[in-house]
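Undergrad: Need coordinates for the following:
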Amino acid sequence: MARPDDPWAVKVGFDGEDGWPAWAAWCSAHPGLHVPVVHSCQLFAHAGHYEGFVAIVERLWPTDLARPWLADGHGLKREPLRLADLVSANHPGVAAMLRAAAEAFPTGRWDMAPSNWMRRADGVPVLMDPLTRAD
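TA: Got it, this is the predicted structure:
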């Protein structure tokens, strides 16, 4: 959720097994071009059990990986971004980021679905939500 001109967005999760808080902590400790900027992440618990989170993150936009026919919110047609392009010469830092993240979460349950990639306003791809669970 984000207001139209706000540089920050709110991300909320209610699944106690969601891997996003672990991903947010890793991104904060390892800032980079292809990971989201996390301003804050607050975990919530009930009776001592983790139940969800609220995070403030940089505002990102959908990529064309999942829906290449969409135009952005300004009525401009975006260039399609293919998943194969992410590890090519077009974005050389993606492969290094993925290797480092895989080392940090060797038993994590990865979800590399196209909808988990977002983009910054300048078109740089950002891996927003790759873990369904961080074991």
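
Undergrad: Just the helices from the chain, written as ranges.
TA: 20-29, 92-104 (DSSP state H).

Undergrad: in its sheet, what does the least confident helix or strand in the chain by mean pLDDT sit against?
TA: The helix or strand of the chain with the poorest confidence is strand 131-133; it has a mean of 79 (mean pLDDT, DSSP states H and E). Paired neighbours of strand 131-133 in the sheet (DSSP bridges): strand 109-110 (antiparallel).

Undergrad: What segments of this protein are strands?
TA: 8-13, 38-46, 49-58, 61-62, 109-110, 117-119, 125-127, 131-133 (DSSP state E).

Undergrad: Can you convert these into TSV and add a column each for distance to residue 28 and mean neighbour count?
TA: Bear in mind the C-beta positions are built from the backbone N, C-alpha and C, glycine included. Putting those into TSV (distance: least, CB to CB, whole Å; neighbours: other CB atoms under 10 Å) gives the following:
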stretch	distance to residue 28	mean neighbour count
strand 8-13	13	16
strand 38-46	5	14
strand 49-58	10	16
strand 61-62	21	16
strand 109-110	19	14
strand 117-119	17	21
strand 125-127	14	22
strand 131-133	15	18
